[in-house]
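Peer 1: Here's my sequence, what's the structure:
(one chain, ligands or ions: 2)
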Amino acid sequence: MKLSPSDSNASSAPAITQSLWSRFARLFPYFGEPKSAWAVAVGATVLAACTEPLIPAALRLLLDRGFQKGAIDVWIVPVALLVLFGIRGMAGYVTELALVHLSARGLKRLREHMFAKLQSARLDVFKQQAGSELANTVVYEVQNGSTMLVNSVITLVRDSVTLLALVTYLFWMNWQLTLVVAVMLPAVAWVMVVLSRRLYGLSKSTQAATDRLAYVVEENVLAHRDVRLHNAQDQQARRFSAISEELRRLSVRATSASAAMKPITQMLAAFALATVISIALLQSNQKGVTVGDFTAFVTAMLLLVAPIKHLSEIASPITRGLAAIERGFDLLDRCPDESDGQFNATASKGHIEFKDVSVKYSDDAGYAVKEINLGIAAGETVAFVGASGSGKTTLVNLLARFVNPSSGQVMLDGTDVLQWQLPALRAQLAMVSQHVYMLNTSIAENIALGQTVDRERVVACLKAAHLEAFVAELPDGIDHRVGHNATSLSGGQRQRLAIARALYKNAPVLILDEATSALDAESERAVQEGLSNLMQGRTCLVIAHRLSTVEHADRIVVMDAGKIIEQGSHRQLLVNGGPYARLYQMGLGSGGI
Ligand code: ADP
Ligand code: MG
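Peer 2: Ligands and ions are numbered 1, 2, ... in the order given. Next comes the predicted model:
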């Protein structure tokens, strides 16, 4: 399946249209457990919120009766205040603890799922998204998102309960006045909705721009030599600045939207306060409202401002948090796993057959490989030669299912590779290509990648790959860390490391895709012996641009524009005087073609 970037926009757009509830429901599997932690967090929060009206109540008691001699004991009000704040403090602490459990656990699960997805998704995912973008989503975005969301949910609970408790108290005190206060609530809600929509759009754009910024950095890190050699620094700096500028504008726009919320809610609060004071003053003349009543009412009303303000601001972290986490979900949803079959075998014989295989990388591209029919017997060594772009790499990549055929079948031991279980299939293949990647760990772990390290075997493989002397000189020997993609090693050393890795894997089918291309003729001769060791008793598919390295193959397959145009042994093909013979004469059998 081909996934275009526009698909991703389509699937991440549900945003506002999809109900907030269903978007939250998506988070439950990650952040919903353990329920006990939620119960503790919500319980403690509700408890703290319920103490809020007790503050104006205490004041009322103090003003109306505390200052009259003998009405109540002097100590009651200060002690009540201490107890009140003690409870709130404890509750706050417990809530924080419960929250960090929830968010950290949810984050861990989500990240682990995303990483597992990276390991199992179809390889398309790496074409569509840059490494920096994937890293950004898995590492940073979901972290920011989950912290923001969990905190906002608690703010939501705390402030709505506080609001409810205060409003109830106000109603109980003086319902006419409270109605005035109630008028401003829908107004605040409306402001919240309008501004949060705007914020959502802005936060999506900000994330996309941040990705592009990270991508420019990633590219410039990878291409640092080329950029300097071509004096392209200014050009790259301009590219970087353009995106930085876009981010700057977005952040100003986002802040202007979220900053507008504060004055608007405060104005609404001030308006309500002014009205209440006027009405209360009128009422006090008629109904005998006491100073305590009035102070308690105004205090409770002023206490309303904080939760309302928080609630009006909550739209921003919730929308930003959701948007960030949904990018993580997008990765999980949009990228289907590689398809897997049922067939399992521990050791294959290594009999390979291509039946009418064609490959197209995309609908509008031409065939990379067209109607290939080729059988390779177990233990046979077949060399593929042909101009660059003639489809050799594509053909061998079909075996490991790095590429899937558009039509036709690729069989290993008589079973279509699509029917094989992927781990079983890949266990049958060892590969040495120019693209072998070395992880930033020790030489031994790189060689034994995916298996436990057997130090003796590692040394034996290094010896067979003619790296023994080099490794012996390293301070830590086979425990030497190779650094980022082993770039401190020469091309030849890296390739011999790749050969040692293939030797260690000891798989029945060996694929050498320009395995010796990074080597000069001399080291190639040194490696050749290692390679011959490696090829013993296996089915080998060898792609080489130096014809001298393929002369000894059992069979040579000549490819051109995705098709097989000639095949046979070196001797036969030379006698035939066809394309191979011409290639051979041009390359004189030793140079590149
Ligand atoms: P060779 O190994 O013989 O040089 P390849 O198999 O790498 O040839 O490429 C065959 C054709 O397929 C080329 O036209 C190349 O542009 C195209 N191709 C190779 N890999 C990809 C890819 N990942 N995506 C799209 N097109 C590709
Ligand atoms: Mg190639």
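Peer 1: Enumerate the residues of the protein near ligand 1.
Peer 2: Proximity of the chain to ligand 1, by CB under 6 Å from any ligand atom, involves residues Tyr361, Ala368, Gly386, Ser388, Gly389, Ser390, Gly391, Lys392, Thr393, Thr394. Any C-beta I mention is one placed from the backbone N, CA and C, and that applies to glycine too.
Peer 1: List the ones among these that fall in strands.
Peer 2: Taking DSSP state E as the definition of strands, the residues of the chain next to ligand 1 contribute Ala368, Gly386.
Peer 1: hmm, which two among the residues of the chain next to ligand 1 are most spread apart?
Peer 2: Farthest-apart pair in those is Tyr361 and Gly386; separation 17.8 Å (CB to CB).
Peer 1: Please say which of the two ends up with more neighbours.
Peer 2: Neighbours of Tyr361 and Gly386, each counted by other CB atoms under 10 Å, are more numerous for Gly386; the result is 24 against 15.
Peer 1: can you pull the contacts of the residue nearest to the more buried one when sequence neighbours are not counted?
Peer 2: For Gly386, ignoring the flanking residues on the chain, the nearest one in space by CB to CB, 6 or more residues apart in numbering is Met559 at 3.6 Å. By CB atoms under 8 Å, 6 or more residues apart in numbering, the contact set of Met559 is Phe384, Val385, Gly386, Ser390, Gly391, Lys392, Leu395, Ile565.
Peer 1: all strands for the stretch 351-500 of the chain, in order.
Peer 2: 352-360, 367-376, 381-386, 407-412, 415-416, 429-433 (DSSP state E, counting those that start in this stretch).
Peer 1: shouldn't Tyr584 be in contact with Leu547?
Peer 2: Yes: assessed by CB atoms under 8 Å, Tyr584 is found in contact with Leu547 at 5.6 Å.
Peer 1: Pick out the residue of the stretch 201-350 of the chain closest to ligand 1.
Peer 2: In the stretch 201-350 of the chain, the residue found nearest to ligand 1 is Glu338; the distance is 15.6 Å by CB to the nearest ligand atom.
Peer 1: Give me the pLDDT value at the residue nearest to that residue when sequence neighbours are not counted.
Peer 2: Closest residue in space to Glu338, ignoring its immediate chain neighbours: Arg122 at 5.3 Å, by CB to CB, 6+ apart. If you check Arg122, the pLDDT there is 87.
Peer 1: and if you look at the one 4 residues further on?
Peer 2: At Phe126 the predicted local distance difference test score is 86.
Peer 1: swap in Ser11?
Peer 2: Note on Ser11: pLDDT of 39.
Peer 1: Looks to me like Glu33 is in a helix.
Peer 2: No: looking at Glu33 with DSSP: H, G, I helix; E, B strand; the rest coil, it is coil, so not inside a helix.
Peer 1: give me the number of residues near it?
Peer 2: 14.
Peer 1: returning to that earlier point: any idea which element the residue nearest to Gly386 lies in?
Peer 2: Element membership for Met559, per DSSP states H and E: strand 555-560.
Peer 1: now swap in Val183 and tell me
Peer 2: Assigned by DSSP H and E, Val183 falls in helix 175-222.
Peer 1: Could you export the next helix or strand after that helix as CSV, CA atoms only?
Peer 2: Remark: after helix 175-222, the chain's next helix or strand is helix 224-229, criterion DSSP H and E. This file holds the C-alpha atoms of helix 224-229, laid out as CSV (Å, rounded to 0.1, in the frame of the first residue of the first chain):
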residue,chain,number,x,y,z
HIS,A,224,28.0,18.2,6.5
ARG,A,225,30.9,17.4,4.2
ASP,A,226,29.0,18.0,1.0
VAL,A,227,27.6,21.3,2.3
ARG,A,228,31.0,22.6,3.2
LEU,A,229,32.7,21.4,0.1
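Peer 1: Let's test this: mean pLDDT of the helix or strand that helix 224-229 is followed by, rounded?
Peer 2: Proceeding C-terminally, helix 224-229 gives way to helix 233-287 as the next helix or strand, assigned by DSSP H and E. Averaged across helix 233-287, pLDDT comes to 82.
Peer 1: just stretch 431-440 next, same as before
Peer 2: On average, stretch 431-440 scores 85.
Peer 1: Could you do stretch 370-388 as well?
Peer 2: Stretch 370-388 comes out at a mean pLDDT of 92.
Peer 1: Give the buried residues for it.
Peer 2: Buried residues in stretch 370-388, counted by 16 or more other CB atoms under 10 Å: Lys370, Ile372, Leu374, Ile376, Gly379, Glu380, Thr381, Val382, Ala383, Phe384, Val385, Gly386.
Peer 1: try stretch 512-529
Peer 2: For stretch 512-529, by 16+ other CB under 10 Å, it's Leu512, Asp513, Glu514, Ala515, Thr516, Ser517, Ala518, Leu519, Ser523, Glu524, Val527, Gln528.
Peer 1: got it, and stretch 529-549?
Peer 2: So for stretch 529-549, counting by 16+ other CB under 10 Å, buried means 530-531, 533-535, 538-549.
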